[in-house]
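1. Provide a 3D model corresponding to the input given below.
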Amino acid sequence: MIAVTSAEMRELDRLTINVHGTPGHVLMERAGAGATDVFWQEFPGVRAKPVVVAGKGNNGGDGFVVARHLRRRRVRCDVVLLGRAEDVRGDAARNLRAFVRGGGRLIEAPGDAGVPALSAALERSRVVIDAIFGTGLNAPVEGPAASVISLINACGLPVFAIDIPSGLDADRGEPLGVAVQAEATATFGFPKIGLLLFPGANHVGTLAIVDIGIAPEATATVGPQTQLLTAAEVGLSFPPRPRDAHKGDAGHVVIVAGGRGKCGAAVLAAESAARAGSGLTTLALPEMERAFVATQLREVMTVSLNGAPDGSFAAPLPSQLSEVLAQKSCVVVGPGIGVSDGTRALVRWLVSDCPLPLVIDADGLNCLATDVALLQRRPGPTVITPHPGEMSRLVGKSVSAVQADRLGVARQFARETGVCTVLKGARTVIASPDGAAAINPTGNPGMASGGMGDVLAGVIGGFCAQGLAAEDAATLSVYVHGMAADIAAAERGGEIGLVASDVIAFLPRAISAVQAAAFGTLEVKTRETKTTARPSVGTRQRTSSAGGRSRGRAR
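-> Numbering: from 1, shown residues only. Prediction:
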């Protein structure tokens with residue numbers, strides 16, 4: 001599913017109006033009608049006595065349409081306008097007049113009058129509809145508007161946001177000073193990137209996409225490069241196996257992992273590759289650790305590489321590595337290997353000399369932090385899977401700077417190095433060298449425990465071994481990894497206490513679920529996780545019956 005920046009949405013809207021012939025007031029009518037449908041479904045218990053808090057721009061215009069449609073449904077709806085009616089222009093003014101002509105109550109509240117006017121309206125209301133600022137906001141909210149938003153957040157009533165919670169940056173998901181905290185949001189056309197990334201996602205509540213149909217020609221012209229992953233889309237890269245498949249058809253992945261005290265990471269990565277469907281899995285460890293780890297695994301083969309006296313990897317022998325990698329399909333390196341002269345030499349050899357698809361995780365990335373340019377000379381496809389701390393070392397920025405622009409940092413690194421970059425965390429970002437990027441909606445806070453990254457690295461390796469391109473393997477793995485955690489949390493009674501091995505156990509069910517969503521040929525029974533008012537699992541899409549239109553004007 002396409003996700004857009006505010007600039008992309010403005011251009012989509014401009015093309016829809018000026019090139020493809022849909023008048024602006026028609027677009028606003030369709031947007032407001034679709035938002036009304038979402039409100040009706042999301043707030044069945046508090047539909048009576050809503051108050052619309054409207055700004056003077058197009059977001060306020062959408063609010064006027066919603067208020068008028070609610071009156072048609074015999075719901076009394078007051079509008080508090082943060083300004084004077086004479087200050088409203090264009091399509092918004094047209095819809096304000098229509099609301100008033102239909103008997104709607106308008107309360108004009110310019111400047112400092114906003115807080116007392118809204119306070120009085122809240123006393124007779126049961127739900128707030130936020131239509132103050134839209135996606136065009138690009139400066140901090142200050143003065144009377146900030147006080148109004150603070151009052152909305154403190155009033156204790158449920159809040160429904162139109163297009164975007166007022167005060168939220170539509171591109172970065174950061175509150176611009178102060179932002180509305182909504183229980184549900186109806187956004188128009190496509191989800192805005194700022195609604196999907198944290199902390200913005202915390203302000204959105206349940207997100208409904210009112211798909212009212214921007215012209216396909218406009219979408220092709222603008223060419224948005226960001227996707228919100230969906231099960232049906234990621235599942236297309238991994239069709240069900242033929243009934244006569246055998247292990248030789250499913251590839252052979254080598255996991256180079258483990259070291260003294262960290263062999264659990266190696267076990268998790270190897271088991272995950274096998275659960276992801278790799279036909280054969282070999283775990284390569286330092287010689288001194290192999291005997292212990294071999295007792296923990298049944299479906300995974302093991303092989304020894306040069307080891308140091310402390311149980312870590314020693315400098316590799318190229319002939320030994322070449323022998324281990326012969327006739328293999330993919331390599332995963334990094335989980336639990338530590339950072340030493342031996343592991344640096346091992347990682348550098350794999351980056352420089354291994355032509356197989358390569359997944360680099362954890363200490364594999366730390367070993368490259370001082371020599372990132374090596375990645376530009378990789379002879380084969382590459383996926384890296386840093387968490388924010390590892391990403392900060394790779395790009396030479398603070399963790400806070402990485403987190404403040406997760407999408408931009410991942411996208412720039414992928415372009416500069418030519419490797420698929422998976423920046424882990426809440427709403428993991430997958431960036432490709434060609435500039436395309438995706439945001440993952442699956443997963444939950446229970447994944448904040450040790451070993452989850454080792455599982456993800458193994459899953460990516462397992463899918464690469466089965467022949468998926470690096471970017472396809474990364475996006476499918478991230479989605480399935482998070483879905484398996486969501487299923488595990490539902491099956492095992494909650495998110496807290498979730499461990500990495502729980503996720504491994506539910507990988508097959510998650511894989512089957514995305515295949516069923518994509519191809520519709522599998523009978524898969526899964527317990528769906530419900531999106532709550534603070535969604536961690538996904539984004540729901542609704543289609544308005546109002547017609548075709550996508551929004552993006554500055555408001």
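2. next secondary structure element downstream of the biggest helix by length in the chain?
-> In the chain, taking DSSP state H as the definition, the longest helix is helix 470-491. On the C-terminal side of helix 470-491, the closest following helix or strand by DSSP states H and E is helix 500-505.
3. phi, psi of the closest residue to residue 1 other than its chain neighbours?
-> Of all residues not flanking residue 1 in the chain, residue 228 sits nearest, at 4.6 Å (C-beta to C-beta, 6 or more residues apart in numbering). Where C-beta positions appear, they are placed from N, C-alpha and C, glycine not excepted. When read as degrees, to the nearest 10, the backbone of residue 228 gives phi -100, psi 120.
4. cool, residue 63 as well?
-> phi -60, psi -40.
5. and the gap between the residue nearest to it when sequence neighbours are not counted and residue 77?
-> Leaving aside its chain neighbours, residue 63 sits nearest to residue 131 (2.6 Å; criterion: C-beta to C-beta, 6+ apart). For residue 131, the distance to residue 77 (C-beta to C-beta, to the nearest Å) stands at 12 Å.
6. hey, what's in contact with both of those two?
-> 52, 66 (C-beta atoms under 8 Å, 6 or more residues apart in numbering).
7. looking at these two, which is more packed in?
-> Each of residue 131 and residue 77 has its neighbours counted (other C-beta atoms under 10 Å); residue 131 has more, 33 against 24.
8. can you give me the strands in the stretch 51-200 of the chain?
-> Using DSSP state E, counting those that start in this stretch, the strands of the stretch 51-200 of the chain run over 78-81, 105-108, 127-131, 159-162, 184-188.
9. hmm, I typed the wrong one, I wanted the stretch 401-550 of the chain.
-> Under DSSP E, counting those that start in this stretch, the stretch 401-550 of the chain gives strands at 420-423, 429-431, 437-439, 540-542.
10. direction included, what does the third one pair up with?
-> Here strand 437-439 has these sheet partners by DSSP bridges: strand 226-228 (parallel), strand 429-431 (antiparallel).
11. over to the longest one?
-> Strands flanking strand 420-423 in the sheet, each with its direction: strand 382-385 (parallel), strand 429-431 (antiparallel) (DSSP bridges).
12. residue 81 is nearest to which of those?
-> strand 429-431 (38.8 Å; C-beta to C-beta).
13. and the closest one, average pLDDT?
-> Averaged across strand 429-431, the pLDDT comes to 98.
14. what is the distance between that strand and the centre of its chain?
-> Counting by C-alpha atoms, centre = their mean, to the nearest Å, strand 429-431 is centred 9 Å from the centre of its parent chain.
15. contacts for it?
-> Residues contacting strand 429-431 (C-beta under 8 Å, 6+ apart): 406-407, 410-411, 413-415, 420-423, 437-440, 471, 474-475, 478.
16. same thing but 6 Å
-> Residues from elsewhere that reach strand 429-431 (C-beta atoms under 6 Å, 6 or more residues apart in numbering): 406-407, 410-411, 414, 421-423, 437-439, 474-475, 478.
17. got it, and stretch 234-245?
-> 468, 472, 475, 476, 479, 514, 515, 517, 518.
18. and the third one, what's its pLDDT?
-> So the one you mean is residue 475. For residue 475, the predicted pLDDT is 98.
19. tally of neighbours for residue 242?
-> 8.
20. so it, which state does it fall into?
-> coil (DSSP: H, G, I helix; E, B strand; the rest coil).
21. I'd guessed residue 262 sits against residue 335; true?
-> No - the criterion here is C-beta atoms under 6 Å, and residue 262 misses it with residue 335 at 7.7 Å.
22. so which of the two has more stuff around it?
-> The neighbour comparison of residue 262 against residue 335 (other C-beta under 10 Å) goes to residue 335, with 33 against 19.
23. and residue 207, that's in a strand?
-> Yes - assessed with three-state DSSP, residue 207 lies in a strand.
24. okay, the closest residue to residue 272 other than its chain neighbours: pLDDT?
-> Of all residues not flanking residue 272 in the chain, residue 458 sits nearest, at 3.0 Å (C-beta to C-beta, 6+ apart). pLDDT, residue 458: 98.
25. same check on residue 520?
-> For residue 520, pLDDT reads 89.
26. residue 288 now?
-> 71.
27. now residue 278
-> For residue 278, pLDDT reads 98.
28. ok, now residue 212?
-> Predicted confidence (pLDDT) for residue 212: 78.
29. okay, now it: neighbour count?
-> Number of residues near residue 212 (other C-beta under 10 Å) recorded here: 21.
30. kindly report the same for residue 136.
-> By other C-beta under 10 Å, 18 other residues sit near residue 136.
31. quick one: the helices in the stretch 101-250 of the chain?
-> 114-122, 143-154, 193-196, 200-204, 216-222, 231-235 (DSSP state H, counting those that start in this stretch).
32. closest one to residue 26 among those?
-> Each of these has some distance to residue 26 by C-beta to C-beta; the shortest is helix 216-222, at 15.3 Å.
33. this protein - how does it break down into domains?
-> 2-231+538-542, 251-519 (automatic domain parsing).
34. packing partners of the longest helix of the chain?
-> The helices and strands touching helix 470-491, judged by 3 or more C-beta pairs under 6 Å, 6 or more residues apart in numbering; DSSP states H and E, are helix 231-235, strand 420-423, strand 429-431, helix 452-465, helix 500-505, helix 507-519.
35. fine, thanks again, bye for now.
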